[in-house]
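*Asks:* Sharing a model that was predicted from the sequence below.
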Amino acid sequence: MSTAVKFRRKILASVIAASVTAIAIAPTVGFAQTATANLRGKAAPGSTVTVKNPNTGLTRRATVNADGSYSIIGLPPATYTVDAGPGTEKQVTLTVASTATLNLTAEAAAPAAANATSLQGVTVSASTLNEVKTPEVGQTISLHQIQTIPQVSRNFLEFADTVPGMAFNVDSAGHTSLRGGAMNNSSVNVFIDGVGQKSYVKEGGVSGQVNSQGNPFPQLAIGQYKVITTNYKAEYDQVSSAAVTAETKSGTNEFHGEVFDTYTSDKYRSRTAGEEAPGADKAKSFEKEYGFALGGPIIKDQMHFFIAYEEKKFDTPITVTPGSGSPDTINSLLPSSVASQFGPADLPFTEKLYFGKIDWELTDRDRIEISTQVRREDQADNIGSAQARSASIVTENHDTRGLFRWQHSGDWYFNELNATYENSSNNPTPLNFGNGAVYTYQPANDSTILGVGAAGPLATQVKGQEGPSLSDDFTFNDLSWHGDHTIKIGWKYKEVTLHAQDAGDVNPLFYYDVDDAGTHALPYKVQFSNPVAGLDPISETKSKQYGGYAQDDWAITDKLTLNLGVRWDYEKTPSYLDHVTPDNVIAAFNMPDPAAQGQFPGQTYAQTLAKGGVNINDYISNGHNRHAYNKEWQPRLGMSYDLFGDEAHVIHAGAGRSYDRNLYDYLQLEQTKSAIPIQEVFFNVPERPCSTTAANCLNWNPIYLNGLQNLQSQFASTNAGQEIDVLNNKLKAPYSDQYSLGMSNQLGDWQTDATVTRVLSYDGFAFTLGNRYPDGSFFQGGGQPWGNGVPGFGSLIIGNNGIRTRTTQVLLSASKPYTKESGWSSTFAYTYTRAYQNRDINEHYSFDEETIGNYPFILSNAAPKHRFVTTGSIDGPWGFSFSAKLTLATPTPYNAIANYGAIGPNGEAGIPTTFIPRGGSKFLVGGNIWGYRDIDFQATKDFKIWGDVSAYMRFDILNVFNWKNFDDAAVLTSFGSSGTLPTNPVAYDKHGNITFVPRTAKFTVGVKF
């Protein structure tokens, strides 16, 4: 290499490093997240390092610098032959989203402990290179773990449960979700082949994953993935808790495939807690999962294909139970036709997953990949606590994505271009149409007992996202300036159309009083849709997202590495920015407040709000006074120090900021609530009279049960009872600040890590009640001003930022990877969590206090204090293999609004409080300290058929000891009214639903070739 070229590169490295450092430490303290691997190390100066995948023909080369360093970027995770000349050849396995170190000298070629790694059906002898010089906190999930750990559902994210700080949950309805730390599910992002699967409209983090029993991707197509819990680098975006980056399988030069079929039914499971109740029947249920994968060559050493298909058919058992606050005698108080709907029920579900991929080694410097993924789901939902099967909903959940990826390797750089398109939709509709009925228990503040008949108008929704994106990532891999630099810069532009319909013009809901004397014959109120002529009930917008980042991984010495990064994101959502508050709503704010005229003659409703600290002008939009998020600067800083220069003991630390997004499901309500509002009207009935002079009170007439139009005609020219939703004109994006300090150690075959993390999250979104009493107060006698809504309308609901969390975690892990020589593997993951929050992270309606700022910080209900997960696998004789998984967790705290006769500091009667339910069980020794216990086993027998063709039979038994992990667990008994809070008024409903599954046996047969 010429001196001039070297000089230019040093100058370039100096400029970039200085710029990144300056930005990263500024006081203002990825878009394309690669799943590929990087290889670096030392070799003879001037020699050529050649990396080749013998199974696909992929070959990359790099010239070793004068200082003996080399770097090769953008290698698909696989097993490679690497050499820098005679006597230096080694076989190594690179893992997903990692940077590994391999020194190539004649001495390094001496015999070393070899691991047997199976990849795409080919077994080779190779050493797995783990990334240890990184500030990121997380672990890699191997293909062996995916194939052997017992599993309740073929959702590849389930194995993230084995990483400290992560929790994969299966609720009573079979819905699966992934959570990182003490943040909500929506703060997670999953990247497949470098492309984020983020949901912009609905909760869940991954598009289509909210309230779903399904999988985001066919498991047969996942090769391995990495879970990063905190302090990801600057290339990661739209995530504020955990990032999961996965690499899909590719075809090789040989044809390989797999076919499988898994089955279980109610014959092979124990009774649920609800089915153990006297006289209860065992609900019919079954699970069928089957699919296939096939990969191979199109042109040997150049072009390959891989396809996968998986299908699910479930009928999941569920128990319909009374809502919280219902008395034990509730069955005798309800009509027999209603009470009979309690008990076992089922949740039908079907899913089809498709994946196809073609990779083409166009040259020894260029790789092209084209892939597509399709997800189709249909399921019944909204059954269980306080919801009968008759009031359920049916949801179509569809997702389609396509990816074009071009990777180009130069002598001193690597470039990756991604072009993608996505189309995702989630469309629930009621199972039945007609009148719905909701029975409420009056002595417990009208708490819901059960909904029957038909789901209400809010059950009819249309939510989705569709659009293209383009991103590019450019990496300099041969730069020197006070050490070696790997500098990566990238950008992305995405234009995604978001659409939402929040309600349908169907199914009025009639509310019936229940008290200790029984059920009242006439409804006391109704909720129904009442579309406004001329307004569109579907909100649609083209959200434009821009992002850029710079990341410098700076190896100052062989021991010390600094990771300096910064990213910037910008988003424009026109439906929020250009929204114009309707004139009739503005006029209503300026009308006299009817409730204030006796005490404050002439006072307008806006003046009432102002007395209560609500400046309505902060929420009135004229289409020009809102601005897009434009200050999302996110420094990401990290370091690692290899104590002895052998990667055996590495201290790592990091600090960074990461922004997420406000879900469109919240932003769209300004428009859709105006177009198809839900009116709440009370009936003047003998048992519960209301004043017919009030705009939202009617004398009861049986005709109201005979058609929605009979209700709507009463309010054809009025907005009485219609909720008004408004958003703050200066909304911000939620974000988290993350800090970590830890140490990883290589102890023989074991890799261990001990890390302490601190995560502070800010600006979570929530709606609060805007109504105020005439004097501006929010509480009078402990009650809220629900009756003093906007003149001529209903209640005022205002949207603001303000939810915050504070989390400290201790993360301990130890793992011994599987090798063919040893025949066994094991993992241990322990998480200690101390988390506080000022509002339940899963709730975006917060009506119990005046503002989010008035909520006290209480112990979070997002994670248990202690959680322990361990797995193990071992090869047995005669083609058998066995594995097991143990999960233990202390009870998850329960957040409640406690009303016990005391008045809180803000004048509230219900005070936000946390209770920790008593542990319902013990494990081996000790008292009843555990809130969750589970042991699962798996056994597989392989049969050699012919050549590379083999068959297998697999047996999984989940929850071996049939431990009951109650889901309807935090049922409050009574807070009392003495002014003193009981010590622990929390009890588990031992006849209700459970988390995970009862003891269940699953059978799988398959063929591999």
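*Replies:* Done, it's in. Numbers count the residues shown, from 1 in each chain.

*Asks:* if I look at the closest residue to G976 other than its chain neighbours, how far off is S974?
*Replies:* Distances taken as C-beta to C-beta, 6 or more residues apart in numbering put Y900 closest to G976, at 5.1 Å, once the chain neighbours are dropped. In this view, the C-beta of every residue, glycine as well, is placed from N, C-alpha and C. With distances taken as C-beta to C-beta, to the nearest Å, Y900 is found 9 Å from S974.

*Asks:* Could you do A902 as well?
*Replies:* Separation of A902 from S974 (C-beta to C-beta): 14 Å.

*Asks:* For the protein, which segments are assigned as helices?
*Replies:* 3-24, 143-148, 330-333, 336-339, 574-577, 583-589, 605-611, 664-667, 669-675, 708-712 (DSSP state H).

*Asks:* lowest-confidence stretch among the ones you listed?
*Replies:* The weakest mean pLDDT among those belongs to helix 3-24, with a mean of 39.

*Asks:* circling back: which one of A902 and S974 has more residues nearby?
*Replies:* Using other C-beta atoms under 10 Å as the criterion, A902 and S974 rank with A902 on top: 17 against 11.

*Asks:* any idea how far L509 is from the more buried one?
*Replies:* 33 Å.

*Asks:* my guess is the residue nearest to G976 meets S977, correct?
*Replies:* Yes - if you go by C-beta atoms under 8 Å, Y900 and S977 touch, sitting 6.3 Å apart.

*Asks:* Neighbour count: the two, which is higher?
*Replies:* A count of neighbours by other C-beta under 10 Å puts Y900 above the other of Y900 and S977, at 18 against 10.

*Asks:* What sits closest to Q679 if chain neighbours are left out?
*Replies:* In space, and not counting its chain neighbours, Q679 is closest to G721: 4.0 Å by C-beta to C-beta, 6+ apart.

*Asks:* surely the one you found meets A694?
*Replies:* No - look at G721 against A694 with C-beta under 8 Å: they stay out of range, at 9.6 Å.

*Asks:* thought N477 was touching S71?
*Replies:* Yes - counting by C-beta under 8 Å, N477 does reach S71; the two are 4.1 Å apart.

*Asks:* Which strand residues bridge Y354?
*Replies:* With DSSP bridges as the criterion, Y354 is bridged to Y309, V374.

*Asks:* Now do the strands in the stretch 401-550 of the chain.
*Replies:* For the stretch 401-550 of the chain, the strands defined by DSSP state E, counting those that start in this stretch occupy 413-430, 436-441, 447-452, 462-480, 484-501, 509-515, 518-519, 525-529, 538-555.

*Asks:* distance of P508 from V526?
*Replies:* 5 Å.

*Asks:* what does N563 give?
*Replies:* For N563, the distance to V526 equals 59 Å [C-beta to C-beta].

*Asks:* So which of the two has more stuff around it?
*Replies:* Using other C-beta under 10 Å, the more surrounded residue of N563 and V526 is N563, with 25 against 22.

*Asks:* and that one, bridged to which residues?
*Replies:* Bridge pairing for N563 - DSSP bridges - gives D553, G638.

*Asks:* Low-confidence ranges, the protein, go.
*Replies:* For the chain, applying pLDDT under 70 flags the ranges 1-34, 106-125, 630, 919-921, 925-926, 968-973.

*Asks:* returning to that earlier point: tabulate the strands of the stretch 401-550 of the chain (JSON lines), appending distance to S250.
*Replies:* Below are the strands of the stretch 401-550 of the chain laid out as JSON lines (distance: least, C-beta to C-beta, whole Å):
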{"stretch": "strand 413-430", "distance to S250": "16"}
{"stretch": "strand 436-441", "distance to S250": "51"}
{"stretch": "strand 447-452", "distance to S250": "49"}
{"stretch": "strand 462-480", "distance to S250": "20"}
{"stretch": "strand 484-501", "distance to S250": "23"}
{"stretch": "strand 509-515", "distance to S250": "52"}
{"stretch": "strand 518-519", "distance to S250": "62"}
{"stretch": "strand 525-529", "distance to S250": "50"}
{"stretch": "strand 538-555", "distance to S250": "26"}
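
*Asks:* Indicate which one of the ones you listed is closest to N253.
*Replies:* Shortest distance between N253 and those, using C-beta to C-beta, is found for strand 413-430: 24.0 Å.

*Asks:* what's near enough to touch the closest residue to M303 other than its chain neighbours?
*Replies:* In space, and not counting its chain neighbours, M303 is closest to W360: 4.6 Å by C-beta to C-beta, 6+ apart. Shown in contact with W360 (C-beta atoms under 8 Å, 6 or more residues apart in numbering): Q302, M303, R367, I368, E369.

*Asks:* so which of those residues is the most crowded?
*Replies:* Busiest of the contacts of W360 [other C-beta under 10 Å] is R367, holding 23 neighbours.

*Asks:* ok, now how distant is it from D411?
*Replies:* 16 Å.

*Asks:* ditto for F767
*Replies:* Counting by C-beta to C-beta, the gap from F767 to D411 is 56 Å.

*Asks:* and what of H649?
*Replies:* Distance, H649 to D411, using C-beta to C-beta: 35 Å.

*Asks:* what residues are up against Y855?
*Replies:* N838, R839, S846, D848, E849, P912.

*Asks:* list the contacts for the third one?
*Replies:* Contacts were defined as C-beta under 8 Å, 6+ apart; by that measure S846 touches A766, F767, T768, I803, R839, I852, Y855.

*Asks:* Apply 7 Å and report the result again.
*Replies:* Each residue near S846 by C-beta atoms under 7 Å, 6 or more residues apart in numbering is listed here: A766, F767, T768, R839, I852.

*Asks:* okay, now the closest residue to it other than its chain neighbours: neighbour count?
*Replies:* For S846, ignoring the flanking residues on the chain, the nearest one in space by C-beta to C-beta, 6+ apart is A766 at 4.5 Å. Close neighbours of A766, defined as other C-beta under 10 Å, add up to 23.

*Asks:* can you give me phi and psi for D411?
*Replies:* Backbone geometry at D411, expressed as degrees, to the nearest 10, gives phi -60, psi -30.

*Asks:* For it, give its distance to G931.
*Replies:* From D411 to G931 the distance is 57 Å (C-beta to C-beta).

*Asks:* try N55
*Replies:* Taking C-beta to C-beta, one finds N55 at 46 Å from G931.

*Asks:* Compare those two (neighbour count), which wins?
*Replies:* G931 (26 against 22).

*Asks:* Quick check: phi and psi at that one.
*Replies:* For G931, the backbone dihedrals are phi -100, psi -20 (criterion: degrees, to the nearest 10).

*Asks:* Same drill for F767 and D411, tell me which one is more crowded.
*Replies:* Between F767 and D411, F767 has the larger neighbour count (other C-beta under 10 Å), namely 20 against 12.

*Asks:* Isn't the more buried one up against N800?
*Replies:* No - judged on C-beta atoms under 7 Å, F767 makes no contact with N800 at a distance of 8.0 Å.

*Asks:* what about stretch 655-664, start to end distance?
*Replies:* Terminal residues of stretch 655-664 are spaced 29 Å apart (C-alpha to C-alpha, to the nearest Å).

*Asks:* Give me the contacts around it.
*Replies:* 29, 186-187, 200-203, 231, 238-240, 498, 500, 569, 632, 634-637, 731, 733-739, 765.

*Asks:* Separate out the buried members of those residues.
*Replies:* With burial judged by 16 or more other C-beta atoms under 10 Å, the buried subset of the contacts of stretch 655-664 is 186-187, 200-203, 231, 238-240, 498, 500, 569, 632, 634-637, 731, 733-739, 765.

*Asks:* what do F767 and N800 both touch?
*Replies:* Common neighbours of F767 and N800 (C-beta under 7 Å, 6+ apart) do not exist.

*Asks:* hmm, back to that, and Y952, which of the strands of the stretch 401-550 of the chain is closest to it?
*Replies:* Using C-beta to C-beta as the measure, strand 413-430 is the one of the strands of the stretch 401-550 of the chain that comes nearest Y952, at 34.7 Å.
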